[in-house]
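Colleague: Any chance you can model this:
(2 chains)
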Amino acid sequence: MAANMQAPKGTKDILPKDSSTWQLVEDVMRDEASIHGFEEIRTPVFERTELFERSVGDTTDVVQKEMYTFLDKGNRSISLRPEGTAGVVRALLEHALINEGVPQKFYYLISCYRYENTQEGRQREFHQFGCEAFGAAAPVADAELIALAHSIFERLGIRNLSLEINSIGCPECRAKYHAALKAFLEASKAELCDTCLERLDKNPMRILDCKTPSCGEITKNAPVMKDYLCQECAEHFEAVQEYLDAAEIEYTVNPRIVRGLDYYTRTVFEFISNDLGAQSTVCGGGRYDGLVKQMGGAQTPALGFAVGMERLLLIMQAQGIHLPEPPVCELYIASLGKQAQVKAFAFTNMLHQASIKAECDMCDRSLKAQMKYADKIGAMFTLVLGDDELKNNQAELKNMKTGEKTPVSLGDTFLTEFVAAAAQAENIMALNMDELSIDFESFEQFEKE
RNA sequence: GUGGGUAUAGCUUAGUUGGUUAAAGCGCCAGUUUGUGGCACUGGAGACCGUCGGUUCGAAUCCGACUAUCCACCCCA
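Modeller: Take a look at the predicted model:
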């Protein structure tokens, strides 16, 4: 491999063998978002750096040390987006979308950029599917958003995903809690690990998240946010759980769930999987009622979540989930000789105009090699064109799965004859698939026993 | 930013205490009597052994630096 022909650190090419899976997953997301009344929004890959400093928070690691920031030729400080919410909020304000009625509900499929050290499920360029809703203050909105994420994972057939929720309260009750937590931790300051010592001032709630055993020991009896929630926040959180129960969505309340971005308030949640490495969160989100006002807009309740696409695909891979892929080629037309090649091309072209996936030889290969190629690409049918066929205006359509051949005319009726044969074959294949799925289920059952 | 592992054809790997033209499987291309895929067999292409430097008569093999990658901390989706 040429030394300089490598993608930059932390980036990955998505090759055709994988891009079909990406598309199928994205299709499910778009469809489910649309079912829930969310519409797509597309915002720029880069924004003014200040936007992220103000929204994500200028004390967060994401902004402080992970942003791709540069000066453009007009000396403006520009940053590649490290997440999706900031741009959406900016667009909401810029176009005064809130005036068009509430709630405003958006989804996006984007790439994000963070200068981080790479590891499993963590890249410098990564992709997110996200949803944001504005103007909905009621707790049912929290549950509805979680339900949306939940159904996407269900539809993709992902197993063993746990939903953990928490409330981190509003700024008022959180301040009280911070004070209490800090007071508690000061007592055992000496036993905290170095990073937690730093966190004591910056973000004491993070200490609850620490994996160091000694810190875990200390925080075991630490005060929990739940006991410090003001009445409104407590009622809101209670109601969210009621709605989740009503929708029969399983969850656990984890008082240690803390989000790293400054803008979150009240409900926060994560979908967690054991099939990832250290990066176990595949989806994270929550409410951010203060952000829009903080960005210069009117007080607007808001909430959202983001799914890490790479992480999601990693889980699917680990669980052996394969989405059904449509065939790449429905008809391959093999040819022998120049005249037949011209005819094969003309036929292929005609098929394309009828939106049928068709291919003919591009490499001047022997008939045998052409058949091998057709087999390799998974062609459903093949047709061989040679002197005899051209002379008789008649050829044999071969079903590559069964080997069965049916005569077809090379005249005007060709297209309809082919479509009829394909439709019949597909019915037969659908039947086989049913039988297969029955076998598969009993196989699964057998595995369990 | 910190720590540890790894780096040999497109992919997965072998390469013995440093010693001739670096090996295999898969994949790719072609062929196995002339017009039909999957199986089998035969052949072929494809590697400056991550990069640069050092030790040595001689380095894929030993040493150093750099780069990339993986795992973990941290952070987050």
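Colleague: CA atoms for contacts and neighbours, from now on please.
Modeller: Noted.
Colleague: Now do the contacts for A:L92.
Modeller: A:L92 makes contacts with A:I98, as judged by C-alpha atoms under 8 Å, 6 or more residues apart in numbering.
Colleague: do you know how far it is from A:T85?
Modeller: A:L92 sits 10 Å away from A:T85, going by C-alpha to C-alpha, to the nearest Å.
Colleague: Please apply the same query to A:S162.
Modeller: In terms of C-alpha to C-alpha, A:S162 sits 24 Å off from A:T85.
Colleague: These two: who's more crowded?
Modeller: Between A:S162 and A:T85, counting by other C-alpha atoms under 10 Å, A:T85 is the more crowded of the two (23 against 15).
Colleague: and that one, what does it touch?
Modeller: So A:T85 contacts A:E132, A:G304 (C-alpha under 8 Å, 6+ apart).
Colleague: Spatially nearest residue to A:V28 (excluding sequence neighbours)?
Modeller: Using C-alpha to C-alpha, 6 or more residues apart in numbering and skipping the chain neighbours, the partner closest in space to A:V28 is A:I152 (6.8 Å).
Colleague: What is the end-to-end distance of stretch A:33-41?
Modeller: Stretch A:33-41: ends 12 Å apart by C-alpha to C-alpha.
Colleague: Show me what residue of chain A gets nearest to RNA strand B.
Modeller: With C-alpha to the nearest atom of the strand, the shortest gap between chain A and RNA strand B falls at A:G260, namely 2.5 Å.
Colleague: for that residue, helix, strand, or coil?
Modeller: Secondary structure for A:G260, judged by DSSP: H, G, I helix; E, B strand; the rest coil, is coil.
Colleague: wait, doesn't it sit right on A:T60?
Modeller: Yes - counting by C-alpha atoms under 8 Å, A:T60 is a contact partner of A:G260 at 7.2 Å.
Colleague: Can you pull the poorly scored residue ranges out of the stretch 301-449 of chain A?
Modeller: Low-confidence segments of the stretch 301-449 of chain A (pLDDT under 70): A:429-449.
Colleague: What residues does the closest residue in space to A:D262 that isn't next to it in sequence make contact with?
Modeller: Leaving aside its sequence neighbours, A:D262 sits nearest to A:G57 (C-alpha to C-alpha, 6+ apart; 5.3 Å). Counting by C-alpha under 8 Å, 6+ apart, A:G57 makes contact with A:V63, A:L261, A:D262, A:Y263.
Colleague: what about the second one, how many residues close to it?
Modeller: So that's A:L261. Neighbours of A:L261 using other C-alpha under 10 Å come to 17.
Colleague: what's the answer for the first one, then?
Modeller: Counted with other C-alpha under 10 Å, the neighbours of A:V63 add up to 23.
Colleague: How about A:V292?
Modeller: 22.
Colleague: distance of it from A:Y332?
Modeller: Using C-alpha to C-alpha, A:V292 is found at 56 Å from A:Y332.
Colleague: cool, and A:Y288?
Modeller: Separation of A:Y288 from A:Y332 (C-alpha to C-alpha) stands at 54 Å.
Colleague: quick one: which of these two has more around it?
Modeller: Neighbour totals were compared for A:Y288 and A:Y332, and A:Y332 leads with 28 against 22 (other C-alpha under 10 Å).
Colleague: how about that one, secondary structure?
Modeller: Applying three-state DSSP: A:Y332 is strand.
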